[in-house]
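Student: the following comprises the amino acid sequence and a computationally predicted model.
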Amino acid sequence: MALPVVAIVGRPNVGKSSLFNALAGRRISIVEPTPGVTRDRISAVIETDDQYLELVDTGGYGIEDQDDLTAHVEAQIAQALEQARLVLFMVDVQAQITALDLQMAQLLRTYSLPVLLVANKADSSKHEILAGEFFSLGFDEPVCISALRGRNLPKLLHLISQKLPPHQTQPPDEPVLKLAVVGRRNVGKSTFINSLVGQQRMIVSEVPGTTRDSVDVRCEKDGRAFIAIDTAGIRKKGKMLRNNIEFYSYTRALRSIRRADVVLLLLDALAMISQVDKKLARTVVDNYKPCILVVNKWDLAKDRATTGQFAEYISRLLTGLDYAPISFITATEGKNVQSLLDLAANLYKQAHAAVTTAQLNKALVAVTSERAPAARRKVGLPKIYYGTQVANAPPTLLLFVNNPAYLDENYQRYLINRLRDLLPFAEVPIRLLLRPRRPED
């Protein structure tokens, strides 16, 4: 059963994202004094009075977007209202009613939805007397809150629960898979997400940097829930440090990589591999994340090179991800998009696979028989006694050796690559731990 949707709407800078974060209990939406930071719909599942609902943050109504995305933002607001069972109409209690407040009120009346008028920035009781003028908007008594200070939020949550019909009392099923969709600007991440879910879930524009937040989009395939995380496009760090919003977007994109089960690193088939692509690849490698290298816009490039030639080019420049599978898609047409889910599910399975100590040691014997670790100059002869798997996601192999310093990085890379061939970890990263064998071992 779908959760009821509660949409937060209002003009820019009334505190919608602050309220969303406060009710969700964590910082999800970017909060900045700059009007128009939020553009896409951002959602989170929350609990109130032992019932669950989906809370949706929206962009500021009527914003004069500097990138001419006003119509896109308002289309996202309209979609949120079409799906909503309840609306939180936010106003600023410390400001007078504006023309945009009046326009928003008029728009809401066309939807025939229950509305809670929420007067934000009521930081103390003295601000509540200012709420009287908002009765003229034509809704019930305003609920005075302070999203930043948490004032009256329990009261608001209780009112939300009362306004909704009885609904789901059990938390929704945990997604079987979290996919982080990352890449540089204008590589087609939001188009890919929309193709994946079959609706205009994210704003798509030729304007670089359209997506700002990292947005979790919950989807289903074959009756199983998964989450696709759309992230802001990344560019060179020096440029992002000069812009607060871009810096927040960048840090959240990196956080999305860390919390993902599988990362989809999107590459532009029409562009050369860039330093940004290499930086993202290194982040994926450093976090031991399963990854699919997704070449988008292949329809425009397939006459210039074969898939084999392009794959060889990628492998040469993104050396740390030579084990990662490569997929060629056309997101605008949905070509090969759904098959990516099956591939991602397979990587998830590999990352969570377990091998017995006997299986691992049989593989170690085979590998060291092919190429034994050599003695290094001024260092003793390395010996591998035995190994065992101690964790998964990533598969983590603990090897007992005579001295970890004796096994150089080249041999460790060789060992990992050959173990991939012999164990069920063919396309995922392996973490190797070395420990000197103690007498009791």
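Tutor: Okay, I see it.

Student: quick one: contacts of stretch 265-283?
Tutor: 181-184, 186-189, 192, 234-237, 254, 257, 284, 291-298, 300-301, 310, 313-314, 317-318, 320-321, 324, 328 (C-beta atoms under 8 Å, 6 or more residues apart in numbering). Backbone N, C-alpha and C define where each C-beta goes, glycine included.

Student: quick one: end-to-end length of that stretch, please.
Tutor: 11 Å (C-alpha to C-alpha, to the nearest Å).

Student: for stretch 129-144, same thing?
Tutor: Start-to-end span of stretch 129-144 (C-alpha to C-alpha) is 10 Å.

Student: how far out from the middle of the chain is that stretch?
Tutor: 37 Å (C-alpha atoms, centre = their mean, to the nearest Å).

Student: which SSE is the residue nearest the centre of the chain in?
Tutor: Central residue of the chain (C-alpha atoms, centre = their mean): residue 229, 2.9 Å from the mean position. Taking DSSP states H and E as the definition, residue 229 sits inside strand 224-230.

Student: neighbouring strands for that strand, and are they parallel or not?
Tutor: Strand 224-230 sits in its sheet next to strand 177-182 (parallel), strand 215-221 (antiparallel), going by DSSP bridges.

Student: least reliable of those strands going by mean pLDDT?
Tutor: When these are compared on average pLDDT, strand 215-221 comes out lowest at a mean of 73.

Student: follow-up on the earlier one: give me the distance between the residue nearest to the centre of the chain and residue 259.
Tutor: 8 Å (C-beta to C-beta, to the nearest Å).

Student: need the residues touching each of those two.
Tutor: 178, 180.

Student: dump the residue contacts of the residue nearest to the centre of the chain.
Tutor: For residue 229, the contact set (C-beta under 8 Å, 6+ apart) comprises 178, 179, 180, 181, 214, 215, 216, 217, 256, 259, 260.

Student: just the buried ones from the residues you listed?
Tutor: Burial by neighbour count, 16 or more other C-beta atoms under 10 Å: within these this picks out 178, 179, 180, 181, 214, 215, 216, 217, 256, 260.

Student: possible to save these as a markdown table with distance to residue 94?
Tutor: Putting those into a markdown table (distance: C-beta to C-beta, whole Å) gives the following:
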| residue | distance to residue 94 |
| --- | --- |
| 178 | 39 |
| 179 | 41 |
| 180 | 39 |
| 181 | 39 |
| 214 | 31 |
| 215 | 30 |
| 216 | 32 |
| 217 | 34 |
| 256 | 35 |
| 260 | 40 |
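
Student: and which of these is nearest residue 89?
Tutor: residue 215 (22.5 Å; C-beta to C-beta).

Student: quick one on the thing from earlier: which one of the strands paired with strand 224-230 lies closest to residue 25?
Tutor: strand 215-221 (14.5 Å).

Student: how far does the closest one sit from its chain's centre?
Tutor: The answer for strand 215-221 is 10 Å, by C-alpha atoms, centre = their mean.

Student: out of the contacts of stretch 265-283, list just those in helices.
Tutor: 189, 192, 237, 254, 257, 284, 310, 313, 314, 317 (DSSP state H).

Student: of these, which is the most crowded?
Tutor: residue 189 (29 neighbours; other C-beta atoms under 10 Å).

Student: next one: it, what pLDDT does it get?
Tutor: pLDDT for residue 189: 82.

Student: from residue 61, how far out is it?
Tutor: Distance of residue 189 to residue 61, given as C-beta to C-beta: 25 Å.

Student: also residue 387?
Tutor: According to C-beta to C-beta, residue 387 stands 59 Å off from residue 61.

Student: avg pLDDT for stretch 114-124?
Tutor: For stretch 114-124, the mean per-residue pLDDT is 93.

Student: for that stretch, buried residues please.
Tutor: The neighbour-count check on stretch 114-124 (16+ other C-beta under 10 Å) flags 115, 116, 117, 118, 119, 120, 121, 122 as buried.

Student: state the pair within these that is farthest apart.
Tutor: 115 and 121 (19.0 Å).

Student: got any ranges where the protein has weak pLDDT?
Tutor: 1, 27-40, 63-70, 72, 167-169, 173, 198-215, 232-249, 377-379, 439-441 (pLDDT under 70).

Student: domain parsing of it, as residue ranges.
Tutor: 5-163, 177-349, 357-436 (automatic domain parsing).

Student: just send the ones you listed back as TSV, with distance to residue 171 too.
Tutor: TSV is the format used below for the domains of the chain (distance: least, C-beta to C-beta, whole Å):
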stretch	distance to residue 171
domain 5-163	6
domain 177-349	12
domain 357-436	22
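
Student: one step back: tell me the one of the ones in helices among the contacts of stretch 265-283 nearest residue 23?
Tutor: Out of those, the member with the shortest distance to residue 23 (by C-beta to C-beta) is residue 254, at 25.2 Å.

Student: so how far is residue 160 from residue 23?
Tutor: Separation of residue 23 from residue 160 (C-beta to C-beta): 9 Å.

Student: what of residue 292?
Tutor: Going from residue 292 to residue 160 by C-beta to C-beta gives 39 Å.

Student: kindly report the same for residue 230.
Tutor: In terms of C-beta to C-beta, residue 230 sits 27 Å off from residue 160.

Student: the two: which has the busier surroundings?
Tutor: Neighbour count, other C-beta under 10 Å: between residue 230 and residue 160, residue 230 has more, with 26 against 23.
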